[in-house]
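Student: Need a 3D model of the following:
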Amino acid sequence: MTTILEKALPFAPYGAMSDEQAQERILAARAQLGEEAVILCHHYQRADVYRHADLTGDSLKLARLAAQTSSRYIVFCGVHFMAEVADILSQPEQVAILPDLAAGCSMADMADLAKVTRAWRELGEVLDGDPAEVYTPVTYINSAADLKAFCGRHGGIVCTSTNAPHIMEWALARRPKLLFFPDQHLGRWTGHQRGIPLEDMLVWDPDLPYGGLSPEQIRRATILLWKGHCSVHQMFTKAQIERWRARHPQGYVISHPECAFEVCLASDYVGSTEFIQSTVRAAPAGTEWLVGTEFNLVSRLAEEMAPQGKTVQFMGGVVCMCSTMQRIDPQHLAWTLDNLVQGRVVNRIAVPGEVAQWAKVALERMLSAT
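Tutor: Presented below is the predicted three-dimensional model:
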């Protein structure tokens, strides 16, 4: 991946700024930049950054909306893979920027191109042929651009937490088996929804030869689930749901499909961040909700629903935020925007041409399939 860092204003003074000083710099820079820059904020973004968003949503929605703007600079307040998708789908003249390059995704990091390529080779050895004749590689959008490109090259596709059921149906209509990465929980829940038995969905451990599976297991499985997970959603448990239901017997539980299978099974509703928000917003006044997803989203939703008498409670026993996304703070956003005012681009995310080309193939397959 190529990141361009031109001569920039030194960050050190910004790191020493108070939040209030940084907020003032952000507002001043935005006034000067006008529509030349658009700020995108993911639902999980911290509140003191989220307040500056021009566009909010999940990663794919934001990337597609940004590409439809006339803004030259796309400042993505999210994580690395999101800015990559924005770069891939945006217009050639648009520039994608990530205010802090350390804002990554632990789930995305659990699957890299070397490990996926090795797994593909090992599948070919077990099958004694081209794995692409049997397997469709499916990558969750929470993955690096080179993995999306891998899927593009091998007849595979990208999915989101919203469209995963449709993508799985698309893939299984073309080949009998799937290699699904990097989130095992989304893959397992989606397969379960489709009626695939749990015993036909086996976990592939990339740190073990042949995923830690026997040739017989590999040949039998319909879906091979990469051993990956979201560090936020793995914190939620069935016991938390049971304790809450004992105190709120008339309440509802809604969870993200990145949660563990038993959490999804114990929930009344399971769906993406957009689904969670729309479902709670459409619910009758006075209803009670336990929500299994990132804290910042739940906190904002609780505040929004309070005037309607709805109670929205975070599922976790401890505050659980997307720690890597939290690295984008007012100081980094102020530094990024001040550099743009001075005509400098810092922390540009530029996906190399061939990688972007094949990643876009996989993304466009997804868009056409849904």
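
Student: Val203 and Gln184 touch, don't they?
Tutor: Yes - using Cβ atoms under 8 Å, Val203 is in contact with Gln184, at 5.8 Å. The way it works is simple: take the backbone N, C-alpha and C, and place the C-beta from them, glycine included.

Student: shared neighbours, the two?
Tutor: Each of 225-227 lies in contact with both Val203 and Gln184 under the rule Cβ atoms under 8 Å, 6 or more residues apart in numbering.

Student: For Glu35, the count of nearby residues, please.
Tutor: The tally of other residues near Glu35 (other Cβ atoms under 10 Å) stands at 10.

Student: before we move on, what about Lys61?
Tutor: By the criterion of other Cβ under 10 Å, Lys61 has 19 neighbours.

Student: Could you do the one 5 residues further on as well?
Tutor: Burial of Ala66, expressed as a neighbour count using other Cβ under 10 Å, amounts to 26.

Student: ok now do it, which residues does it touch?
Tutor: Applying Cβ under 8 Å, 6+ apart as the definition, the contact partners of Ala66 turn out to be 38, 40, 55, 74, 76, 86, 89-90, 94.

Student: now Phe236
Tutor: Listed by Cβ under 8 Å, 6+ apart, the contact partners of Phe236 are 255, 259-260, 263, 292, 315-316.

Student: at 10 Å what do you get?
Tutor: Under the criterion of Cβ atoms under 10 Å, 6 or more residues apart in numbering, the neighbours of Phe236 are 255-256, 258-260, 262-264, 266-267, 290-293, 314-317, 320.

Student: just Ser278 next, same as before
Tutor: By Cβ under 10 Å, 6+ apart, the residues touching Ser278 are 271-272.

Student: Secondary structure element for it, which one?
Tutor: helix 273-282 (DSSP states H and E).

Student: Okay, buried residues for that helix please.
Tutor: Using 16 or more other Cβ atoms under 10 Å as the test for burial, helix 273-282 gives 273, 275-277, 279-280.

Student: Tell me which helix or strand comes right after it.
Tutor: Scanning forward in sequence from helix 273-282 by DSSP H and E, the next helix or strand is strand 288-292.

Student: can you give me the angle that following strand makes with helix 273-282?
Tutor: Angular relation of strand 288-292 and helix 273-282 on a 0 to 180 degree scale: 170 degrees, by axes from the mean of the first three to the mean of the last three Cα atoms, to 10 degrees.

Student: so the helix or strand following strand 288-292 versus helix 273-282, what angle?
Tutor: Beyond strand 288-292 on the C-terminal side, the first helix or strand identified by DSSP H and E is helix 295-305. Interaxial angle of helix 295-305 relative to helix 273-282 (the same axes, to 10 degrees): 20 degrees.
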